[in-house]
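Asker: build me a model:
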Amino acid sequence: MRKLITVLLLFCIGCADQQTSKEESSNIADKKIMLRKALDSIAKSVKAKIAVASISVETGDTFYYNATDHVPPQSTIKFPVAIMIMKQVDSGKMALNKPFTLLKDELTIGTNSTLVKDLHGATSMSVHKLLEYMTHVSDNISFCGFTRHLGGAKQIEVYIKSTGLNDISVTPMEGRPYVDFNNMNGTWCTPQDMAKLMVKFYKGELMSKTSTDTLRSIMERTTGGTKRIKGLLPEGTVVAHKTGSSNTVDGKTLAVNDIGIVTLPNGQHIALAVYVHDITGDMEYGEGIIAEVAKVIYNSTIIGDGK
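Answerer: A predicted model of the protein is given here:
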């Protein structure tokens, strides 16, 4: 008799668990529909195209919106480069406190460079400091130097593919090792794979814990792009992120992007990749779109509750 009662109890518990699981799945599906409607509303109200990927680091839950579109990565491609540099630190090929020498032609890239001013005529700076410049203010000189050191632009794509991600493409400039951002058929990414790369990074799957913590700290202290993912989030929200942008020409902006790991109030995290492109408007306009998208996703209970 006891055995029969035990079996019946286990059966009832199992049925209850199944019912709860079905209800949770239905609830999540409903919330995803609401979230998609919210982004549809934003997309219809702006003069730009939106592509978004959001992944819960802890649960793996995803929300994708045009997330497999090929979009201009701009300086978000500096994120995998930073990972590659930290991996060289792990292998002993580089040291964060050792100087890294920049070539003369690299020092002429860009105008009014903060890095050039801070070099005070020197041609080298510590690897750690250059990583900060590349991340915090999206410096192109350090990016080009690191890209050349790593074997050229194509090696960025080779590395990304080695992680199991295939939807990020990088093309070098003709006759030079640097990334050709003007070749939009050859240099592109999908928000989905960029978000997946961020998850791998944050979970410590790509490098040592020390290097992961170092790069995360650098990205959390990023001074640029504060009006993007962080723009409309609660004050003090921690976001480890990397921006990307193009210039505005004749009222048109190719792309304004931001990718980041957002720390939620419950201690969980989401990898969020927001790419806004084909913009009729300036950078500030694109930043406002990113902020609105990030706010909607942050406030959605499907992600915000860590379910």
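
Asker: which strand residues bridge residue 172?
Answerer: Beta-bridge partners recorded for residue 172 (DSSP bridges): residue 179.

Asker: just residue 271 next, same as before
Answerer: Beta-bridge partners of residue 271, counted by DSSP bridges, are residue 55, residue 261.

Asker: isn't it right next to residue 54, touching?
Answerer: Yes. Using C-beta atoms under 8 Å, residue 271 is in contact with residue 54, at 7.1 Å. For the C-beta atoms, the positions are set from N, CA and C on the backbone; glycine is no exception.

Asker: spit out the residues that contact those two alike.
Answerer: Common neighbours of residue 271 and residue 54, counting by C-beta atoms under 8 Å, 6 or more residues apart in numbering, are residue 195.

Asker: can you pull the contacts of the residue positioned nearest the centre of the chain?
Answerer: Residue closest to the average C-alpha location in the chain (C-alpha atoms, centre = their mean): residue 259, at 2.8 Å. With contact set as C-beta under 8 Å, 6+ apart, residue 259 has these partners: 76, 79, 191, 194-195, 198, 241-242, 244, 271-274.

Asker: all helices for this structure, in order.
Answerer: With DSSP state H as the criterion, the chain has helices at 2-45, 78-91, 114-119, 127-136, 140-149, 153-162, 191-202, 209-220, 283-299, 301-304.

Asker: returning to that earlier point: ok, so of the contacts of residue 259, who is nearest residue 115?
Answerer: The closest of these to residue 115 turns out to be residue 242 (C-beta to C-beta; 16.8 Å).

Asker: against residue 32, how distant is that closest one?
Answerer: Residue 242 sits 26 Å away from residue 32, going by C-beta to C-beta, to the nearest Å.

Asker: what does residue 276 give?
Answerer: From residue 276 across to residue 32, the span is 21 Å (C-beta to C-beta).

Asker: neighbour count: those two, which is higher?
Answerer: Legend: neighbour count by other C-beta atoms under 10 Å for residue 276 and residue 32, higher for residue 276 (28 against 17).
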